[in-house]
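Asks: Could you look at this predicted model? Sequence included:
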Amino acid sequence: MPPSSFRGVEVPDTISEEPAPRSSSLSNSPTNGPDDGISGLTSGAGSSSVSLLDTAAAAAVADGEATGPDGRSRSSSIAKKVKRTPKDIYRATETTPLFKFDEEEEDDGVPKPDIPWLDEDDDLDSSDRVVMVAIYVNFTANLILLLGKVAVVASVSSMSVLASLVDAILDFLSTAIVWTTTWLIGRQDQYKYPVGRRKLEPLGVLVFSVIMVTAFAQVALQSLQKLFGPDREVISLDLPSLCIMIGTVLVKGACWLWCRLVKNSSVQALASDALTDIIFNTGSILFPIVGFYADIWWLDSLGGLILSIVVIYQWSQTTMEHIKNLSGFSATADQRNTLLYLTMRFAKTIKQIQGLQAYHAGDKLNVEVDIVLDASTTLRDVHDVSESLCYVLESVPVVDRAFVHADYATYNLPTHMRRH
């Protein structure tokens, strides 16, 4: 077959989705001329002849299709219109970039890619008005309760009440520490503290935790000395002392109910301390009363020892948690998976993720990501991808700061020098 038998066909930029009209240039009549590309197609008593040059065209006719003079595909019969809904056109795959979808928006029928839901960042800033009001209310309540417990201890030599007084002193101190750290965090100095002083918040809680554990270790030691000492006096609470202790429980209960609703780490520490005070002051009331009516001299000292051990255990856990976070403790598996998923689905230009480090720098995380891009990627595109990915990672509620390092090869040395 000579090369001249083949004709080039222009491929249109767009293909019409309308039904093709019935073909008029191709039929079973012998009226087709040589310019139509079919020279010998006839319909006889039982035979038809097709020239060798028009074999391809004849095959198209047999299938019901041919090529018209405008280069567009025509059908010998009315073709069925293809249903092209948004659902058929768009299908989310693993390479589809992430989009934010608001469930409250009206459903327009357009499919949305499935992405993991991230909780909103409900933590309030330390300078927020409700945070400051909560701190001031706790400060005033702790001051009033401290003065009342001093009066109780002056009249009753109870170890349980003494432990309650120590707890009231530390409550007052804790509120003062929280207020001081909040005030310092609010005073920004971009030259002395370029990234802010947010680490003062967990640092203040850590300092208070250490003071709490140390103070109640002393109370536990005094309770042991009284248990093994020669004094066998049964402790009794008078009515004014009992009223002050009950009032302490009620006031602390109200503070706990309110502070637990404020999403701030400092106020949450105050709420945890208020719950401890409720349990502590309830025990400080019950142990002397039960010991007095049951005539058990050692019950008050034992109660002071038990309460001290409970407080030491609780605040030791808080101390260890903040020590780990301030020491650069690793993020949880779920947090790492979320960050890795966001990085993988961020852009198609990211060929590989060389490394992802997520570690605590206080209450929140620092994230370091090493991505591999194509060597031919322009500097502008590398910058845009890296900076945008950095902003996306920092929008995650648990992330404080994110750092993105772009590379073109996977065999490079680690981003930072290892220091032991």
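Replies: Sure, I can see it.
Asks: Now do residue 417 against residue 405, distance only.
Replies: Residue 417 sits at a distance of 14 Å from residue 405 (criterion: Cβ to Cβ, to the nearest Å). Where C-beta positions appear, they are placed from N, C-alpha and C, glycine not excepted.
Asks: likewise residue 238?
Replies: 69 Å.
Asks: quick one, which of the two is more surrounded?
Replies: Neighbour count, other Cβ atoms under 10 Å: between residue 238 and residue 405, residue 405 has more, with 15 against 10.
Asks: Export only the CA atoms of the helix or strand hosting that one, formatted as CSV.
Replies: Here residue 405 sits within strand 399-407, counting by DSSP states H and E. Once non-C-alpha atoms are left out, strand 399-407 reads as follows in CSV (Å, rounded to 0.1, in the frame of the first residue of the first chain):
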residue,chain,number,x,y,z
VAL,A,399,1.7,22.6,66.3
ASP,A,400,3.5,25.7,67.4
ARG,A,401,6.2,26.1,64.7
ALA,A,402,6.9,24.2,61.5
PHE,A,403,10.1,24.1,59.4
VAL,A,404,10.3,22.7,55.8
HIS,A,405,13.6,21.7,54.2
ALA,A,406,13.5,21.1,50.4
ASP,A,407,16.0,18.8,48.7
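Asks: Buried residues in that strand, which are they?
Replies: Across strand 399-407, burial judged by 16 or more other Cβ atoms under 10 Å covers 399-400, 402, 404, 406-407.
Asks: could those residues go into a markdown table alongside distance to residue 128?
Replies: Below are the buried residues of strand 399-407 laid out as a markdown table (distance: Cβ to Cβ, whole Å):
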| residue | distance to residue 128 |
| --- | --- |
| 399 | 20 |
| 400 | 18 |
| 402 | 24 |
| 404 | 30 |
| 406 | 37 |
| 407 | 40 |
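Asks: residues contacting the nearest residue to residue 251 once chain neighbours are set aside?
Replies: Among residues not flanking residue 251 along the chain, residue 141 sits closest, at 5.4 Å (Cβ to Cβ, 6 or more residues apart in numbering). By Cβ atoms under 8 Å, 6 or more residues apart in numbering, the residues touching residue 141 are 251-252, 255.
Asks: Which ones among those map onto helices?
Replies: Those of the contacts of residue 141 mapping onto helices are 251-252, 255, per DSSP state H.
Asks: From those, pick the one nearest residue 145.
Replies: Taking Cβ to Cβ as the measure, residue 145 lies nearest residue 251 of these, at 6.4 Å.
Asks: Sticking with the nearest residue to residue 402 once chain neighbours are set aside, tell me its helix or strand.
Replies: Closest residue to residue 402 apart from its sequence neighbours, by Cβ to Cβ, 6+ apart: residue 393 at 3.7 Å. Assigned by DSSP H and E, residue 393 falls within helix 379-394.
Asks: Average pLDDT for that helix, rounded please.
Replies: For helix 379-394, mean pLDDT rounds to 94.
Asks: got the buried residues for it?
Replies: Within helix 379-394, the residues scored as buried using 16+ other Cβ under 10 Å are 382, 385-386, 389-390, 392-393.
Asks: again, but for stretch 267-285
Replies: In stretch 267-285, counting by 16+ other Cβ under 10 Å, buried: 267-278, 280-285.
Asks: Can you list the neighbours in contact with that stretch?
Replies: When contacts are defined by Cβ under 8 Å, 6+ apart, stretch 267-285 is touched by residues 124, 131, 134-135, 138, 158, 160-161, 163-164, 167-168, 171, 174-175, 178, 205, 208, 237, 242, 245-246, 248-249, 252-253, 255-256, 259-260, 262, 303, 306-307, 310-311, 314, 318.
Asks: residues contacting the closest residue to residue 387 other than its chain neighbours?
Replies: Distances taken as Cβ to Cβ, 6+ apart place residue 404 nearest to residue 387, at 7.6 Å, with adjacent residues excluded. Residue 404 is in contact with 369, 371, 386-387, 389-390, 393, counting by Cβ under 8 Å, 6+ apart.
Asks: Look up how far residue 314 lies from residue 404.
Replies: Separation of residue 404 from residue 314 (Cβ to Cβ): 40 Å.
Asks: follow-up on the earlier one: of the contacts of residue 404, which is the nearest to residue 233?
Replies: Each of the contacts of residue 404 was scored against residue 233 by Cβ to Cβ, and residue 393 proved nearest at 63.8 Å.
Asks: Please verify my assumption that the closest one contacts residue 343.
Replies: Yes: the pair residue 393 / residue 343 is scored as a contact, 7.4 Å apart, by Cβ atoms under 8 Å.
Asks: Three-state assignment for residue 356, please.
Replies: Look at residue 356: counting by DSSP: H, G, I helix; E, B strand; the rest coil, its state is strand.
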